[in-house]
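Engineer: Quick one: sequence plus predicted model below, questions after.
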Amino acid sequence: MHCSCLSGGGFFVEGECIVGDQSSTYRILIVDDEPDLRNIYKRFLEIEGYSCLTAGDGEEAMSILGRMDISLMITDINMPGMSGIDLLREAVNQYPDVAVLMVSAIDDRKIAVQSLQLGAFSYMIKPVSRNELVINVVNGLRRRFLEIAHRRQSEKLEDLVQRRTRKLLEAKQELVVASEETVLRLAKAAEFRDDETAQHTLRMSHYCRIIARGCGFDAKRCELIRLASQLHDVGKIGIPDAILLKPGKLTADEFTLMKEHARFGFRILSDSRATLLQVGALIARGHHEKYDGSGYPDGVAGEDIPIEARIAAIADVFDALTSKRVYKDALPITAAIDILRKGRGQHFDPGLLDIFLADMEAVNRIRKQFQDSGHQPGIKSVLPQ
Ligand SMILES: [Fe+2]
Ligand SMILES: [Fe+2]
């Protein structure tokens, strides 16, 4: 918006006229060590309706800027004590909404350029005529208005971008939580059907992360493996109760069918586009494979078994050995470690096993954090099937 006035037009920011008709609402600070000049400038500007204050040096000017609402400052350059350039530097730094005009007795291009670069709006050479002064003040106030408006607009935009980014992050976080929880609940659905507990799933998943971390994987991949490992037995959903819940030893045929849970898990998860479920599929299929090729369902060996599945195999067996079931007590850690060591290079990837056994401190922390509680319906063998 725009209004006409003696001083060349008024401008509004959010309904407030900041240049023009209401020039008396703009306080101008005149800084010069010569009292006569201060008073001349003051008189010229008061005729135009501006309200003026004066200061004899830079220190006094800074003190006034700190106490009063000043729109524009006109300052001499050569003053005893704080120079006009120093005053400009300080004022621009501490009070960016104040327009600063420089006045100098010396026509020095270098100082003029330096002043403008430091943020002065104009550079006038003494003697300054009334017209020159008023024109520069009107111009300075107009430019101040534009800069303040631009700054406010930028702040608004920045605020808007920040709010939108925050909302997006929140939505993304919600999605992440939802997908992680879906994975855990899917794992729980499988656990409901046999003796494994949610605590087993949580513990073994954290053991997986310990090994992944020891492999030097980045935090994102470690967390991916931890989450995906929770799905290792999801295929048990497809095993009939008569086999899954059979209290005694399984017959050879029953065991053959039981072993299918690895493939079932793979089939449930493998055609997903989500990386989490793709890794879950690899773990579901490969967590009963053995390093020497004597495992199931595919009998693959060594590095043909995906590393995520080789990691899960160690974590799964260790937790089964060290957990209490109704048909067995938990083995002491040392006994479980002995069993794992015996399987080094046969059942388990030797390098990954070494990594796991090297960080028993972290393993114990997980055991404490996710202790079993209450009754667990138990069945069958000590080792995971
Ligand atoms: Fe399994
Ligand atoms: Fe398990």
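Structural biologist: Sure thing, it's come through. In this text the structure is predicted, and so the values were computed from the model without any measurement. Ligands and ions are numbered 1, 2, ... in the order given.

Engineer: ok so Gln346 is a strand residue?
Structural biologist: No. With DSSP: H, G, I helix; E, B strand; the rest coil as the criterion, Gln346 is located in coil rather than a strand.

Engineer: ok, and the closest non-adjacent residue to it?
Structural biologist: Sequence neighbours aside, Asp292 is the residue nearest to Gln346 in space, at 4.7 Å (criterion: CB to CB, 6 or more residues apart in numbering). To be clear about C-beta, it is placed using only N, CA and C from the backbone, and glycine gets the same treatment.

Engineer: Ok, Arg130 next?
Structural biologist: Counting by CB to CB, 6+ apart, Phe44 is the residue found nearest to Arg130 once chain neighbours are left out, at 4.6 Å.

Engineer: State whether Leu116 and Arg143 are indeed in contact, as I suppose.
Structural biologist: No. Contact criterion CB atoms under 8 Å: Leu116 and Arg143 do not qualify, at 11.8 Å.

Engineer: Tally up the residues packed near Asp271, please.
Structural biologist: Using other CB atoms under 10 Å as the criterion, Asp271 is surrounded by 10 other residues.

Engineer: Return the distance of it relative to Gly280.
Structural biologist: Applying CB to CB, to the nearest Å, one obtains 12 Å for the distance of Asp271 from Gly280.

Engineer: and if you look at Lys110?
Structural biologist: Counting by CB to CB, the gap between Lys110 and Gly280 amounts to 70 Å.

Engineer: So these two - more neighbours on which side?
Structural biologist: Neighbour comparison, Lys110 and Gly280: the larger count goes to Gly280, with 31 against 7 (by other CB under 10 Å).

Engineer: just checking, the residue nearest to Gln346 is part of a strand?
Structural biologist: No. Following the definition three-state DSSP, Asp292 is coil and is not counted among the residues of a strand.

Engineer: Return the distance of the helix or strand containing Ala362 from the chain's centre.
Structural biologist: When elements are assigned from DSSP states H and E, Ala362 belongs to helix 360-369. Computed by CA atoms, centre = their mean, to the nearest Å, the separation of helix 360-369 from the middle of its chain amounts to 28 Å.

Engineer: Please name every helix or strand in contact with it.
Structural biologist: Under the contact criterion of 3 or more CB pairs under 8 Å, 6 or more residues apart in numbering; DSSP states H and E, the helices and strands touching helix 360-369 comprise helix 198-214, helix 333-342.

Engineer: ok, 10 Å please
Structural biologist: For helix 360-369, the elements it packs on are helix 198-214, helix 307-321, helix 333-342, helix 350-357, judged by 3 or more CB pairs under 10 Å, 6 or more residues apart in numbering; DSSP states H and E.

Engineer: Would you mind finding the most buried of these?
Structural biologist: Mean neighbour count (mean count of other CB atoms under 10 Å) peaks for helix 307-321 among the helices and strands packed on helix 360-369, with a mean of 25.

Engineer: With just CA atoms, put it into PDB.
Structural biologist: The C-alpha trace of helix 307-321 is given here as PDB (Å, rounded to 0.1, in the frame of the first residue of the first chain):
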ATOM      1  CA  ILE A 307      25.100 -62.700   6.500                       C
ATOM      2  CA  GLU A 308      21.900 -61.600   8.200                       C
ATOM      3  CA  ALA A 309      20.800 -65.200   8.600                       C
ATOM      4  CA  ARG A 310      24.300 -66.300   9.900                       C
ATOM      5  CA  ILE A 311      24.000 -63.600  12.500                       C
ATOM      6  CA  ALA A 312      20.500 -64.600  13.500                       C
ATOM      7  CA  ALA A 313      21.500 -68.300  13.800                       C
ATOM      8  CA  ILE A 314      24.000 -67.400  16.600                       C
ATOM      9  CA  ALA A 315      21.600 -65.000  18.400                       C
ATOM     10  CA  ASP A 316      18.700 -67.500  18.200                       C
ATOM     11  CA  VAL A 317      20.600 -70.500  19.500                       C
ATOM     12  CA  PHE A 318      22.400 -68.500  22.200                       C
ATOM     13  CA  ASP A 319      19.100 -67.200  23.500                       C
ATOM     14  CA  ALA A 320      17.400 -70.600  23.400                       C
ATOM     15  CA  LEU A 321      20.300 -72.100  25.400                       C
END
